[in-house]
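# Task: produce atomic coordinates for the following.
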Amino acid sequence: MRKVFLLSVTICLFFLSNAQSRSTHSSSYRSALGVKFWDGAGISFKHFFQGNNAGEFIGYFWNHGFRLTGLYEIHGNFADAQGLKWYIGPGAHVGFYDYYDHHDNHIDGTFFGIDGVLGLDYKFKGAPINVSIDWQPSFEFGDYVGFEHYGGIGVRYTF
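Residues are numbered from 1 along each chain as shown. Here you go, the predicted structure:
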C-alpha cells in the first residue's frame, strides 16, 4: 500500500512540475490553486475552460460555518499590461452556518444564494504565481439574510 501511495505521489508531482514549468515562463495559466482573503479565508481553485472563460470555486470558512461558491468568469485583456486581466461574471453559493449576528439573531441552517464578481487578475511572468483582487456581491435567500458584499485578495499557485 505504501509503494502504491509513493508511486501515485511521484506521478502527480511529475505532471504538476511539467504543468508548472509551462506556466512559469508565461503571463497566462490554465489552472491555479491557492487562498483568498477577506473577513475570513478561503481555498480558491480557478480553471480556464476555453479562451477567456474560467470557473472559480471558493470554499470559505466563515462565521462558524462553511460556504461553497462557484463563479463563471469572463476575462478580458488590457492592451498595454501583459499578464493583467479584468473579469466579471455570475455565480451561486450554498452556506452552512451556526452563529449569532450583530442583532443577536441565531442564524442556523443551510442557505442558498446568487453571486456576482468583478475583479482584476495578474499572472507573474517567470513565476508560477497569480494574484487577484475582486468585489463579490451576493444575495442570500432565507430569514435574517439578504444582500452582502465582499472584497477579496487571492494568491494562487498556477499550473
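
# Give me the spatial nearest neighbour of G95, chain neighbours excluded.
Leaving aside its chain neighbours, G95 sits nearest to R67 (4.0 Å; criterion: C-beta to C-beta, 6 or more residues apart in numbering). C-betas here are computed from N, CA, C, even on glycine.

# quick one: the one you found from G126, how far?
Plainly put, R67 is 34 Å away from G126 if you go by C-beta to C-beta, to the nearest Å.

# With E140 instead?
For E140, the distance to G126 - C-beta to C-beta - is 41 Å.

# Show the backbone phi and psi for H102.
Note on H102: its backbone torsions stand at phi -70, psi -10 [degrees, to the nearest 10].

# Quick check: pLDDT value at it.
As predicted, H102 sits at a pLDDT of 79.

# Next, name the residue at the spatial heart of the protein.
S44 (3.3 Å; C-alpha atoms, centre = their mean).

# Am I right that T110 falls within a strand?
Yes - looking at T110 with DSSP: H, G, I helix; E, B strand; the rest coil, it is inside a strand.

# you'd agree it is up against V94?
Yes - in this structure, T110 is within contact of V94 by C-beta atoms under 8 Å, at 6.7 Å.

# who has more neighbours, the two?
Comparing T110 with V94 by other C-beta atoms under 10 Å, the one with more neighbours is V94, at 14 against 10.

# Pretty sure the residue nearest to the centre of the chain sits against G34.
Yes - S44 lies in contact with G34 (C-beta under 8 Å); the separation is 5.6 Å.

# Return every residue with contacts to both of the two.
G154, R156 (C-beta atoms under 8 Å, 6 or more residues apart in numbering).

# element containing the closest residue to the residue nearest to the centre of the chain other than its chain neighbours?
Once flanking residues are discounted, S44 sits nearest to K36: 4.4 Å by C-beta to C-beta, 6+ apart. K36 is part of strand 31-37 when elements are defined by DSSP states H and E.

# That strand packs against which elements?
Judged by 3 or more C-beta pairs under 8 Å, 6 or more residues apart in numbering; DSSP states H and E, strand 31-37 is in contact with strand 41-50, strand 129-141, strand 147-158.
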